[in-house]
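K.L.:
need coordinates for the following:
(one chain, ligands or ions: 2)
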Amino acid sequence: MTAPLSTQMAGADAAAIEAAVRCLAGGGLVAFPTETVYGLGADATNAAAVARLYAAKGRPAFNPLIAHVPDRAAAQTLACFDADAGRLAEAFWPGPLTLVLPKAPGCTVAELATAGLDSLALRVPRHALAQKILSCFGRPVVAPSANRSGHVSPTTAAHVLSDLGGRIDLIVDGGATPVGVESTIVACLGEVVLLRPGGTPREAIEHALGRPLADPPASIVGDGDRPLAPGMLASHYAPRARLRLNAERAGPGEALLAFGPAPNAGTAQAAHVLNLSARGDLIEAAANLFSHLRALDASGAKTIAVMPIPHDSLGEAINDRLARAASPR
Ligand code: TXA
Ligand code: MG
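P.N.:
Ligands and ions are numbered 1, 2, ... in the order given. Got it, this is the predicted structure:
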């Protein structure tokens, strides 16, 4: 983990909004209230900031994150709306509904924030403070619930402080959040599927659509009908090339995904080499992971040799994603 930060607290005034925007612009981590729960925000377009966010939450894996924007117009620059998505946005935004949509070409959200997926979760919160921060900042903000991984979602600034104090830069205190449960998540990727029940009731969504919502496919329903993490629905990012993990060097014709200061001799024969972090920094490596994999895949190499990544800190999540990307399909 990185050195502890001193977490500032701010009220709900203009100065707090300005401080939040300044912090986000500098790649910092800001907890702020939405109408559902407190979110931990980072600039969605800054992969390093997103990597710090995963580290602060202590997530063992890179779950895809929700990008928050102030309005439908901002959302439409990032993702593609079909007729159903348009109807739901019209009916429920701003409000506690998240839509999972195909990414738009030129989407500025960092690959790490969507865990390399081609879809993007988007939400327009209704809370006045969240609205002001998002419209003043002018870029999408990823914001998972502002709790340590495995803890319950926070509905007060005090909850956030006790979970994340010393790990994030700023907490904007807007009092208790009115809804108290997370947003409902609906995927509009062809079929309309309920991924997570939440602050917008199913019946209201079905009424707006004019038909029942599809249930998630059986493949994401675990034991006893307990749904797995909604992020499991979309298949994991999978490169076309084969991945060879824990490689000390690249073989002939292989691309090399390097880590650390001195990728050794085999490097010379690798067609394409990208280094996740030459200085061996796991936060920098996480920030580069999905974009480097995509770039090496696009080079046309049949195999990408991947150097060993240490398993501590964000290394656990990096290795989790590499193992999934390497598993045969
Ligand atoms: O109410 C909320 O939604 C709060 C506030 C802060 O906005 N945020 C929140 O974020 O609950 P989080 O990260 O705790 O939950 C987001 C969920 C995760 O379970 C993730 O797997 C899913 O959304 N998700 C994000 N992107 C996805 C995608 N492209 N496909 C499927 N699921 C996705
Ligand atoms: Mg959460």
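K.L.:
pLDDT of stretch 22-36, averaged?
P.N.:
Here stretch 22-36 scores 97 as its mean pLDDT.
K.L.:
ok, now stretch 95-109?
P.N.:
For stretch 95-109, mean pLDDT rounds to 97.
K.L.:
that one: which residues count as buried?
P.N.:
G95, P96, L97, T98, L99, V100, L101, P102, K103, A104, C107, V109 (16 or more other C-beta atoms under 10 Å). All C-beta atoms are positioned from the backbone trio N, CA, C, and that covers glycine.
K.L.:
okay, helices next: where are they in the protein?
P.N.:
14-25, 47-57, 72-76, 83-92, 128-137, 157-164, 202-209, 282-298, 315-326 (DSSP state H).
K.L.:
now for the shortest one, which elements pack on it?
P.N.:
Secondary-structure packing of helix 72-76 (3 or more C-beta pairs under 8 Å, 6 or more residues apart in numbering; DSSP states H and E): helix 83-92.
K.L.:
quick check, the helix it packs on touching ligand 1?
P.N.:
No - Helix 83-92 lies out of reach of ligand 1 by C-beta under 6 Å from any ligand atom, never closer than 12.6 Å.
K.L.:
can you list contacts of that helix?
P.N.:
72, 75, 81, 97, 99, 101, 124, 186, 188, 192, 200, 204-205, 208-209 (C-beta atoms under 8 Å, 6 or more residues apart in numbering).
K.L.:
list buried members of the residues you listed by neighbour count.
P.N.:
75, 81, 97, 99, 101, 124, 186, 188, 192, 200, 205, 208-209.
K.L.:
point out where the stretch 101-250 of the chain drops to low pLDDT.
P.N.:
The model of the stretch 101-250 of the chain has pLDDT under 70 over residues 216-237.
K.L.:
L99 and T200: what is the separation?
P.N.:
With distances taken as C-beta to C-beta, to the nearest Å, L99 is found 11 Å from T200.
K.L.:
ugh, wrong one, T155
P.N.:
Per C-beta to C-beta, T155 is found 17 Å from T200.
K.L.:
just R242 next, same as before
P.N.:
42 Å.
K.L.:
try E90
P.N.:
Relative to T200, E90 is positioned 13 Å away (C-beta to C-beta).
K.L.:
A176 against H159, yeah?
P.N.:
No - the pair A176 and H159 does not pass the contact test of C-beta atoms under 8 Å, sitting 9.6 Å apart.
K.L.:
if we can go back for a sec, N246: which of the contacts of helix 83-92 is nearest?
P.N.:
L101 (36.2 Å; C-beta to C-beta).
K.L.:
give me the number of neighbouring residues for the residue nearest to that closest one when sequence neighbours are not counted.
P.N.:
Nearest residue to L101, sequence neighbours excluded (C-beta to C-beta, 6 or more residues apart in numbering): A79, at 3.8 Å. Number of residues near A79 (other C-beta atoms under 10 Å) recorded here: 22.
K.L.:
same check on A143?
P.N.:
For A143, the neighbour count with other C-beta under 10 Å is 28.
K.L.:
separation between it and L88?
P.N.:
Relative to L88, and taking C-beta to C-beta, A143 is found at 20 Å.
K.L.:
what parts of the protein come near ligand 1?
P.N.:
Checking the chain against ligand 1 by C-beta under 6 Å from any ligand atom, the hits are 34, 36-37, 39, 63-66, 98, 100, 114, 117, 119-121, 123, 143-145, 182-183, 185, 195, 229-231, 233-234.
K.L.:
list buried residues within those residues.
P.N.:
In the residues of the chain next to ligand 1, the ones that pass as buried (16+ other C-beta under 10 Å) are 34, 36-37, 39, 63-66, 98, 100, 114, 117, 119-121, 123, 143-145, 182-183, 185, 195, 230-231, 233-234.
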